[in-house]
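Q: here is a sequence together with a model predicted from it:
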Amino acid sequence: MEGRLVLLGGGSSGVSTTESAVLSKVEVVSEACSYPAESELELGLGLSLGGGGGSTGNTKAANSSWGECGRILTAKDFPSVVSHRTNNGGSSSVAVSGTKRAAETESVSHDSGSPTGVSSQVVGWPPIRAYRMNSLVNQAKAQRGDELESGIGEKDKPKDALKKKLDYNGKQTSSATVNEKAYLGFVKVNMDGIPIGRKVDLNAHSSYEGLAQALEDMFLRSANSAEKEPLTMASKLLDGSSEFVLTYEDKEGDWMLVGDVPWRMFVGSVRRLRIMRTSEANGLAPRFNESNDRQRSKPI
Amino acid sequence: MHKKMAFSFPDEVLEHVFSFIQSDKDRNSVSLVCKSWYEIERWCRRKVFVGNCYAVSPRMVIKRFPEFRSIELKGKPHFADFNLVPDGWGGYVFPWIVEMAGAVPWLEEIKLKRMVVTDESLELIAKSFKNFKVLILSSCEGFSTDGLAAIAASCKNLKELDLRDCEVDDLSGHWLSHFPDTYTSLVALNISCLGSDEVSLSALERLVGRCTSLKTLRLNRAVPLDKVANILRRAPQLVEFGTGTYAAELRPDVYSDFAGAFSSCKELKSLSGFWDVVPDYLPAIYPVCSKLTSLNLSYATIQSPELIKLVSHCPNLQRLLVLDYIEDSGLEALASSCKDLQELRVFPSDPFGVEPNVSLTEQGLVAVSSGCPKLQSVLYFCRRMSNEALVTVAKNCPNFTRFRLCIIEPRTADYLTLEPLDVGFGAIVQYCKDLQRLSLSGLLTDRVFEYIGTYAKKLEMLSVAFAGDSDLGLHHVLSGCESLRKLEIRDCPFGDKALLANAAKLETMRSLWMSSCAVSFGACKLLAQKMPRLNVEVIDERGPPDSRPESCSVDKLYIYRTVAGSRFDMPPFVWTMEDDPSLQLS
């Protein structure tokens, strides 16, 4: 059963979704379900206006609360880096779980440029259990001779371990073995205020934007649509502050702001993620780039 | 007070007879014979099996079987293994533990599969069951080493602790030290799923040393090879052993230490582990190979020549798990060396690569089917298949009970004829009359389902992905497969018609899973209305299904029979189609 790839806003909303769609785990709307294109556009508009403005004339109650979806800030928001305008593309790519990923070479396997087949784009296929998949992924990458990955302790050859005392930060690492499950593959994500954690597949993304979008979809969308009183995660303007910030725990147990280091290094050292209230992210503040014109204050 | 017929046995005699009947199915049959047998049986059933934890409530189980000592529970649907079931779906064991803590204080065994087990649950188990002996957690999650510490500290009679394929939060390796020094009754320990900091080696060595009845020990990857020798020397009586990382510096002293320890284990029948294999260390296990019946090399990244050498040392092998590095040539060697082989699983080393990285094709499977007359159970990942090969395999192995074929690229046709693989799988179900479990892949039309419905009369579990053309396919299966208990389907064009037409069938099955198919929300509601003893759960992360038109397909659908009614622990993205008052009006 083929779905069609829906890229939000065929131009008229002025939203550049294509970039973010390419980079992220793109959602597919099934043929059998007719989501009128307008509602998608409206959602896009709604989000870019930062509040239910675009969702009038739409009977779906869920949409208006989607208009209030916040964005999760990452380190990318703060330093003066060229933006991919994920702001607009963010939670507006509505739709289905059980998704297909973008059929772009870079989006799935981010080590070498090897092209990926259809099977790598589909969730849960081939049917291999997660722990086995992680173990295999480590193996395949090592075989493709990617020094960077194997340099972060994925393959636990003791003689390499003796050499690999320094990680990318130049700090001593105590143990060479990285917890398989925390390495590539599924990592746990918890969001403040939501008791049930989720898991996100790091293999599916090749950049922070993609990860951030997937997390927004996962947490902001389902939380809002499901509960009677949506959590108040109202976003300000899209380039303004959000109530939440994305952090991760690394191998050493330190909590860091996501986005500081190159993506691959991040993937090699992340153990789990936490979507933290910005007000609690004080300890991470020093990473904010003061001179950034998009600087925002920490507490709301 | 039962009216006793002159020729009937006293209860005690019947109870004694029933004690020889262990199988769940047989026990269930016994209980249907008559009311008095039902009564006697229920008081003496010691092992309870609940295939779906939501099919019945803990209280109901305890009420019917007040004296059970062992319980086995299964939670999430099988496709949860492949991340198709969102986190938080359910399968919590805590409510069961709470009920049993009060009512079944003599509980000895708990076996769980795909359930969420919290530290709180483990602590409650540790506190509540004085004679607790066996804890087997298979593919469970939600707990940490703290929970394990509680079990270790309190369960003085613990014999088995098996955490196969679980996801454990690593907090501290010292949980093992919580086994008191006086504790010596361990028989089986499987910690292969644990991560890096989760086992204190010295505590492990002491534990192994004092538990002289230890028969099964499966270590986790973090245990280095050079430490394994110490452990093995303390447990020469081991029958099943799983190594940690199988890599060490190539030093003669390390090697001989390890090899010596290994050869002192004369009872070894099963080996596993073998992460990060350094091939030079493989010969260390040759001395034990001749007795091996089970070998799990599915993490061993060794190439075909080494694998061939290894399996040629194992003439008594019955079960082999291996990566596709073994290649067709290795499977041919296997077929000629291991005539007792019953189960083979071949996993892909590079599942996402487009081009094959190894020379493993349908030929390997054909070779094994031809050379191993006792072959019963196959799980095979490959990249190409032909009807011809499948027909050959089917004719070679009429005794198959489990056949799971995964052609990695969805909808791959017969590579020789470019036709669908209907005929090949048709041969499998036709020749293998005792087939209980089947997983399909490749290009398949409705025709394959017609074959399945016609021939697969003993089939209990069927997994389908990217197959079929229309509702007719689903209809063939639901109407034809008399023994069907579990059906799981993803990405197939099956919709409302077949489901509604076969609604009654669903009550004879444990469960049905359909994701990314074409079942509408309206049909789900209708089904729930027609069949009050089914829970029809819609899992949809897009939002409430009634926020979309009724004709809209649901994302994921999980239907199961239950006598416990709707469950109360559903997360926000799961909706049960209940008997809705508003439906009555329509």
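A: Perfect, I can see it now.
Q: where does the residue of the stretch 151-300 of chain B found nearest chain A land in three-state SS?
A: Closest residue of the stretch 151-300 of chain B to chain A, Cβ to the nearest Cβ: B:Gly195 (3.7 Å). Bear in mind the C-beta positions are built from the backbone N, C-alpha and C, glycine included. Under DSSP: H, G, I helix; E, B strand; the rest coil, B:Gly195 falls in the coil class.
Q: okay, now it: neighbour count?
A: 22 (other Cβ atoms under 10 Å in any protein chain shown).
Q: surely it meets B:Asn220?
A: Yes. In this structure B:Gly195 lies within contact range of B:Asn220 using Cβ atoms under 8 Å: 7.2 Å.
Q: quick one: B:Pro315 and B:Ser337 touch, right?
A: Yes. In this structure B:Pro315 lies within contact range of B:Ser337 using Cβ under 8 Å: 6.1 Å.
Q: and B:Asp257, how many neighbours?
A: For B:Asp257, using other Cβ under 10 Å, the count is 20.
Q: just the element for it, please.
A: Per DSSP states H and E, B:Asp257 falls inside helix B:252-263.
Q: where along the stretch 401-550 of chain B do the helices fall?
A: Per DSSP state H, counting those that start in this stretch, the stretch 401-550 of chain B carries helices over the ranges B:422-431, B:446-455, B:471-480, B:496-501, B:503-506, B:521-530.
Q: mind checking pLDDT for A:Trp125?
A: A:Trp125 is assigned 92 on the pLDDT scale.
Q: phi and psi next, for the residue found closest to B:Cys193 once you drop the neighbours it is linked to in the chain.
A: Spatially, and ignoring its direct neighbours in sequence, B:Cys193 is nearest to B:Cys166 (4.9 Å; Cβ to Cβ, 6 or more residues apart in numbering or on different chains). Backbone geometry at B:Cys166, expressed as degrees, to the nearest 10, gives phi -90, psi 160.
Q: related to what we said a few turns ago, closest to chain A out of the helices of the stretch 401-550 of chain B?
A: helix B:521-530 (9.3 Å).
Q: residues from the stretch 151-300 of chain B in reach of chain A?
A: Counting by Cβ under 8 Å from any Cβ of the partner chain, the residues of the stretch 151-300 of chain B lying close to chain A are B:165, B:167, B:170, B:193, B:195-197, B:221-222, B:224, B:245, B:247-249, B:275-276, B:278, B:298-299.
Q: can you say which of the residues you listed are buried?
A: B:165, B:167, B:170, B:193, B:195-197, B:221-222, B:224, B:245, B:247-248, B:275-276, B:278, B:298-299 (16 or more other Cβ atoms under 10 Å in any protein chain shown).
Q: now the helices for the stretch 151-300 of chain B?
A: According to DSSP H, counting those that start in this stretch, the helices that the stretch 151-300 of chain B contains are B:201-210, B:225-234, B:252-263, B:286-289.
Q: just the C-alphas of the last one, formatted as PDB.
A: Spelled out, that is helix B:286-289. C-alpha atoms of helix B:286-289 as PDB (Å, rounded to 0.1, in the frame of the first residue of the first chain):
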ATOM      1  CA  TYR B 286      36.900 -26.600  19.500                       C
ATOM      2  CA  PRO B 287      37.300 -29.100  22.400                       C
ATOM      3  CA  VAL B 288      33.700 -28.600  23.500                       C
ATOM      4  CA  CYS B 289      32.200 -28.400  20.000                       C
END
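Q: how far off centre is it?
A: A distance of 29 Å separates the centroid of the chain from that of helix B:286-289, by Cα atoms, centre = their mean, to the nearest Å.
Q: list the buried residues of that helix.
A: Judged by neighbour count using 16+ other Cβ under 10 Å, the buried positions of helix B:286-289 are B:287-289.
Q: from those, which is closest to B:Val322?
A: B:Cys289 (14.4 Å; Cβ to Cβ).
Q: look at A:Thr17 and report its pLDDT.
A: 40.
Q: circling back: give me every residue that touches the residue nearest to B:Cys193.
A: Contacts for B:Cys166 (Cβ atoms under 8 Å, 6 or more residues apart in numbering or on different chains) come out as B:137-141, B:143, B:193.
Q: likewise B:Ala467?
A: B:411, B:440-441, B:444-445, B:448-449, B:473, B:492.
Q: what about 7 Å?
A: Listed by Cβ atoms under 7 Å, 6 or more residues apart in numbering or on different chains, the contact set of B:Ala467 reads B:440, B:444, B:448, B:492.
Q: excluding chain neighbours, what is closest to the third one?
A: When the adjacent residues along the chain are set aside, B:Val448 lies closest to B:Asp422, with 4.1 Å between them (Cβ to Cβ, 6+ apart).
Q: count the residues that sit near that neighbour.
A: B:Asp422: 24 neighbours (other Cβ under 10 Å).
Q: just to check, it is in contact with B:Gly442?
A: No. Assessed by Cβ atoms under 7 Å, B:Asp422 is found out of contact with B:Gly442, at 9.3 Å.
Q: how about the nearest residue to B:Val30, chain neighbours excluded?
A: B:Glu41 (5.1 Å).
Q: for B:Ala564, same thing?
A: Among residues not flanking B:Ala564 along the chain, B:Ser57 sits closest, at 4.3 Å (Cβ to Cβ, 6+ apart).
Q: mind checking pLDDT for that neighbour?
A: Reported pLDDT for B:Ser57: 97.
Q: same check on A:Asn190?
A: For A:Asn190, the pLDDT comes out at 83.
Q: where's it relative to B:Ala152, distance?
A: 27 Å (Cβ to Cβ, to the nearest Å).
Q: which of the two has more neighbours?
A: A direct count of neighbours by other Cβ under 10 Å for A:Asn190 and B:Ala152 places B:Ala152 higher, at 23 against 16.
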